[in-house]
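> Just the structure for this:
(chains A and B)
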Amino acid sequence: MISAALRPVTSWVAAHPVASFVVFFAAFPFLVPYQSLATQVLIFGLFALGFNLLYGYTGLLSFGHAAYYGLGAYGTGIALAKLKLTSLWLALGIGLAAAVIGGAVIGFFCLRRRGIYFAMLTLAFAQMLYFVAFHAADLTGGDDGLRGIPLLPLGLFGASVSLRTPLAFYFFAYAFVVLAVAALRRILDSPFGAVLQAIRENSDRAVACGYDINRIKLLSFVFSALFTGLAGALDALRLTVVPVDSLYWTTSGQVVIMTLLGGAGTFFGPFVGAATFLILADRLSLFIEAWPLVIGVIFMAFVLFLPRGIWGTLAAPGVER
Amino acid sequence: MLDIPLQALAAQAFTGLVLGGIFVLMAIGLSLIFGLMTVVNFAHGSFYMLGAYVAFSLMGVTKSFWAALVLAPLVVGALGFLVERFLIRRLYGRSPDDPLLLTFGLSLAMVEGAKLVWGKIGLTVDPPRQLAAAVNLGFMNFPVYRLFVIAVTAAVLVSLWLFLEKTSVGLVIRAGSRDALMVRALGVDLNRIWLLVFGIGIAMAGLAGVLAGPMRGVYAEMGVEIIIDSFVIVVVGGMGSLAGAIVAGLVMGEIVSLTTFFAPRLAELIIFIVMAIVLLVRPSGLFGEAGLAE
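So this is what the prediction gives:
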């Protein structure tokens, strides 16, 4: 019934996804209790968007996306805090390069196995990176996390823009996330995107059609790592610190939960899920210390009864995915 | 000159056997459940954690390690029955990713639940008085409790082997992991078999937790730590292969233990390096058949 009332809205949104995103998230910081929460939703939504490209659209369940998030965060953080780079752009580029290279190498290994093994392998490799970061304290700060990341002003067309207010930082992140959302739309609408979804639906048939699915899967993995790494790099700037837990399996788990809550394989699901998760966690933690217990139970209920997630159920009732 | 390192090396190798035993108990349960039901149980480690906590509480009530050793796996196994019957059973016929996701949520809830019930700070458990001493093996002194863990693991493995190979239920389980549809067509109620196997696997995880408690301490995150090691072991051994789980579990136990001795900083990394090498050389695992549930 609710979904019937929302029909006109959802169909307009479905027809103009990027424009809808631009409009909604321009207003978003003024709709939530505080602006830093809005930035968090944006960045974690981007993280989930990267995960969703791989799981929702290509059908590969990764339990190790903390790896690319952490590589993006540490790459950018180390460039600023340890290498003392003065260009924000260059630091972001280093973070993205770290995530992409990590994605290519780990993807190569994990894609040697399919299905359920893939999930276990991604988890194992991410955990391996966690231990590396934990022990390489000279570079990463180890258990204490990487501290002392300066929030440099952004050099833009010769001008220098300060990012120190929450709202300025929000729109800085917003610009990147809008670019990523437009890029994802472009990928999904391309023939490459169609093959990804063909792999998800029936990978044997995609092989039979003559596609080199291993190469395509690896490419999807690397794109996914790129989006995820961007989220990590932005989060390092937002927090000005990289906690070692950003590489821990709990971070991978969070993005799985967010994406499934919002709706895997849907365009807006990752952002809906990130907002739901973060607002829920924000509110729940006021009342109960063991709020992850509640989230765990809600997540189980979604897997059992609402596998298409919030957005998947609202936007396309009765249609698989 | 070489005498002392050699003795220490022998002790370390024995410790590796103990760790390997815990790994094997975990990996066999995972592999058994996966082989029959194509369910990857992320919560397997959380049942290991629960086994350790339940044993701690039972020891408080009964004042007996032996009662806890027998009862805790049964309690945890009974909980496994409930999880299969009321949660996982709803997911048969859906993507194999779905049980993994469900049990991930379950393990998150269990870790937090354990913190609520038993507190956030880890607990220490003493081995029973009868096993607290060290025994002289001729070349070194070794804690009796650790020998006991090796013995229990061996006894459980032999019983499991006898059960699977010599009983009619075991025959149905082996047939069911080959071709569930055919077994159904022959009029066997596989639902009961699945329930049983899930319960047995979970009880073994619980037992591993009880045994590990006095050696490694009891804390809420202990399960998630071991589930990742266990995943690596079943990937290396070959998922669904019991022989693979045993060999890979013991080998990994030795590798971790010896690495701890020679290069402590590498100890947490070594199993991932071994896994990467196995994946390159033999992607289906040491004993795995290519194509199983892929």
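
> For the stretch 1-150 of chain A, what lies in contact range of chain B?
Those residues of the stretch 1-150 of chain A that sit near chain B, judged by C-beta under 8 Å from any C-beta of the partner chain, are A:61, A:63, A:109, A:112-117, A:119-121, A:123-125, A:127-128, A:131-132, A:134-135. All C-beta atoms are positioned from the backbone trio N, CA, C, and that covers glycine.

> My error: substitute the stretch 201-321 of chain A in the last question.
A:249, A:253, A:256-257, A:260, A:290, A:292-293, A:295-297, A:299-300, A:303-304, A:307.

> of the residues you listed, the lowest pLDDT goes to which?
pLDDT is lowest at A:Ala290 among these; the value there is 87.

> Chain neighbours aside, what residue packs nearest to that one?
In space, and not counting its chain neighbours, A:Ala290 is closest to B:Glu112: 4.5 Å by C-beta to C-beta, 6 or more residues apart in numbering or on different chains.

> what's the neighbour count on the one you found?
21 (other C-beta atoms under 10 Å in any protein chain shown).

> now do A:Gly107
Residues near A:Gly107, counting by other C-beta under 10 Å: 25.

> and it, what pLDDT?
95.

> Does it touch A:Asn214 like I think?
No. Using C-beta atoms under 8 Å, A:Gly107 is not in contact with A:Asn214; the gap is 10.1 Å.

> Could I get the full set of helices for the stretch 51-200 of chain A?
Ranges of helices within the stretch 51-200 of chain A are A:66-81, A:88-110, A:115-135, A:137-140, A:166-189, A:191-201, based on DSSP state H, counting those that start in this stretch.

> so what's A:Ser224 closest to, chain neighbours aside?
A:Leu54 (4.1 Å).

> For that neighbour, list the residues it contacts.
Shown in contact with A:Leu54 (C-beta atoms under 8 Å, 6 or more residues apart in numbering or on different chains): A:Leu60, A:Ser62, A:His65, A:Ser220, A:Phe221, A:Ser224.

> how near is the fourth one to A:Ala198?
In this structure, A:Ser220 and A:Ala198 are separated by 12 Å, where distance is defined by C-beta to C-beta, to the nearest Å.

> Neighbour count for those two, which is higher?
Neighbours per residue (other C-beta under 10 Å) separate A:Ser220 from A:Ala198, with A:Ser220 holding more: 27 against 19.

> can I assume that one is in contact with A:Gln197?
No. Proximity of A:Ser220 to A:Gln197 does not meet the contact threshold set by C-beta under 8 Å, at 10.4 Å.

> who touches both of the two?
By C-beta under 8 Å, 6+ apart, the residues touching both A:Ser220 and A:Gln197 are A:Tyr57, A:Thr58.

> count of residues packed around B:Met110?
Count around B:Met110 with other C-beta under 10 Å applied: 23.

> who touches it in this structure?
A:Gly296, B:Ala43, B:Ser46, B:Phe47, B:Met49, B:Leu50, B:Gly223.

> Kindly recompute the last result at 10 Å.
A:293, A:296, B:43, B:45-47, B:49-50, B:79, B:103, B:220, B:223-224 (C-beta atoms under 10 Å, 6 or more residues apart in numbering or on different chains).

> and what of B:Ser230?
A:120, B:22-31, B:41, B:44-45, B:48, B:205, B:208, B:223, B:245, B:248-249, B:252.

> Disregarding flanking residues, what is the spatial nearest neighbour of it?
B:Met26 (4.3 Å).

> Does the one you found lie in a helix or a strand, and which?
helix B:3-37 (DSSP states H and E).

> Residues of the stretch 101-250 of chain B that sit close to chain A?
B:101-116, B:120, B:221, B:224-225, B:227-232, B:234-235, B:239 (C-beta under 10 Å from any C-beta of the partner chain).

> Go again with 6 Å.
B:Leu101, B:Leu102, B:Gly105, B:Leu108, B:Ala109, B:Glu112, B:Gly113, B:Leu116, B:Ile228, B:Phe231, B:Val232, B:Val235 (C-beta under 6 Å from any C-beta of the partner chain).

> shaky segments in the chain?
No chain in the question, so chain A it is. Applying pLDDT under 70 to chain A picks out residues A:1-4, A:6, A:316-321.

> my bad, the chain I had in mind was chain B
Looking at chain B by pLDDT under 70, you get B:1-4, B:139, B:289-294.

> count of neighbours near B:Ala245?
32.

> what's the nearest residue to it if we skip its chain neighbours?
Nearest one to B:Ala245, counting by C-beta to C-beta, 6+ apart, is B:Ala27 at 3.9 Å.

> List the residues that contact the one you found.
B:Ser230, B:Ile233, B:Val234, B:Ala245, B:Gly249 (C-beta atoms under 6 Å, 6 or more residues apart in numbering or on different chains).

> Could you do B:Leu116 as well?
A:Ala290.

> and it, what element?
With DSSP H and E as criterion, B:Leu116 is part of helix B:97-118.

> Report the inter-axis angle for that helix versus helix B:3-37.
Orientation check (axes from the mean of the first three to the mean of the last three C-alpha atoms, to 10 degrees): helix B:97-118 against helix B:3-37 gives 120 degrees.

> list the buried ones in helix B:97-118?
For helix B:97-118, the neighbour count (16 or more other C-beta atoms under 10 Å in any protein chain shown) marks B:97-115, B:118 as buried.

> Check the offset of it from the chain's centre.
Computed by C-alpha atoms, centre = their mean, to the nearest Å, the separation of helix B:97-118 from the middle of its chain amounts to 17 Å.

> my read: B:Arg283 touches A:Cys110, true?
Actually, residue B:283 is Pro rather than Arg. No. Judged on C-beta atoms under 6 Å, B:Pro283 makes no contact with A:Cys110 at a distance of 10.8 Å.

> neighbour-wise, which of those two wins?
Using other C-beta under 10 Å, the more surrounded residue of B:Pro283 and A:Cys110 is A:Cys110, with 26 against 15.

> show me what contacts that one?
Neighbour list for A:Cys110: A:Phe118, A:Leu121, A:Thr122 [criterion: C-beta under 6 Å, 6+ apart].

> repeat that for 7 Å
Residues in contact with A:Cys110 (C-beta atoms under 7 Å, 6 or more residues apart in numbering or on different chains) are A:Phe118, A:Leu121, A:Thr122, A:Phe125.

> For it, which non-adjacent residue is closest in space?
Counting by C-beta to C-beta, 6+ apart, A:Cys110 lies nearest to A:Leu121, which is 4.3 Å off, once chain neighbours are set aside.

> Roughly how far does the one you found sit from A:Ser62?
For A:Leu121 relative to A:Ser62 (C-beta to C-beta), the value is 9 Å.

> more crowded one of these two?
Neighbour tally, A:Leu121 and A:Ser62, criterion other C-beta under 10 Å: the higher count belongs to A:Ser62, 30 against 26.

> quick one: the more buried one from chain B, how far?
A:Ser62 is 11 Å from chain B, where distance means C-beta to the nearest C-beta, to the nearest Å.
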